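J.: show me the folded form of this:
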Amino acid sequence: MRSLGIFWIVEVYHRAGPAARGVGDYEIAGQSRFWYAWAQMPACSHLDQIRDVQPHTRGCEECLKTGDSWVHLRLCMTCGHVGCCDSSKNKHATKHFHHTKHPIVRSIEPGEDWGWCYVDELELDFS
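T.: Numbering: from 1, shown residues only. All right, here's what the predicted structure looks like:
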């Protein structure tokens, strides 16, 4: 597992001019130039809190208890709690973070392999 964007590409556009021409500059239709620069992105500082967890339920734990519905599900990677996403009206995954301070969740939607660190506000790649 790795944090998305440990390195990422920054694309910068400027008006081209005589002083703008240099190594690594590219003109586009004589109007602008761009270059690529590697920039180091902050890494999640909570990866050590990820555990080998299994979902406690097949749906949002709190919504199942109250008979409510959800949009998408998130799995707490510290304890296995299943909560509904922030697009759901109850936002139980985020409420679980505020209550427990467990920082990392991952999507348990079919075909999705991303996660989120609430503390560092970083998307994570679980592929």
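
J.: so what's the residue count around residue 121?
T.: 9 (other CB atoms under 10 Å). The C-beta positions use only the backbone N, C-alpha and C, and glycine is treated the same way.

J.: one more: residue 113?
T.: Residue 113: 12 neighbours (other CB under 10 Å).

J.: who touches the longest helix out of those in the chain?
T.: The single longest helix within the chain, with elements called by DSSP state H, is helix 92-100. The contact list for helix 92-100, computed with CB atoms under 8 Å, 6 or more residues apart in numbering, reads 60-63, 70, 73-74, 76, 78-79, 81, 83-86, 102-103, 105, 118.

J.: repeat that with 6 Å
T.: Here helix 92-100 makes contact (CB atoms under 6 Å, 6 or more residues apart in numbering) with 60, 62, 74, 76, 81, 83-84, 86, 105, 118.

J.: show the buried residues in these.
T.: For the contacts of helix 92-100, a burial check counting by 16 or more other CB atoms under 10 Å picks out 60, 62, 74, 76, 81, 83-84, 105, 118.

J.: my read is residue 123 is in a helix, agree?
T.: No. Under DSSP: H, G, I helix; E, B strand; the rest coil, residue 123 falls outside any helix and is assigned strand.

J.: where in this structure is the helix or strand with the lowest mean pLDDT?
T.: Using mean pLDDT, DSSP states H and E, the weakest-scoring helix or strand in the chain turns out to be strand 7-15, at a mean of 35.

J.: in helices, which of the contacts of helix 92-100 fall?
T.: Here DSSP H is the test, and the contacts of helix 92-100 give residue 62 as lying in helices.

J.: can I get the contacts of helix 92-100 in a markdown table including distance to residue 125?
T.: Shown next, in a markdown table, are these (distance: CB to CB, whole Å):
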| residue | distance to residue 125 |
| --- | --- |
| 60 | 24 |
| 62 | 28 |
| 74 | 15 |
| 76 | 18 |
| 81 | 21 |
| 83 | 21 |
| 84 | 22 |
| 86 | 20 |
| 105 | 14 |
| 118 | 17 |
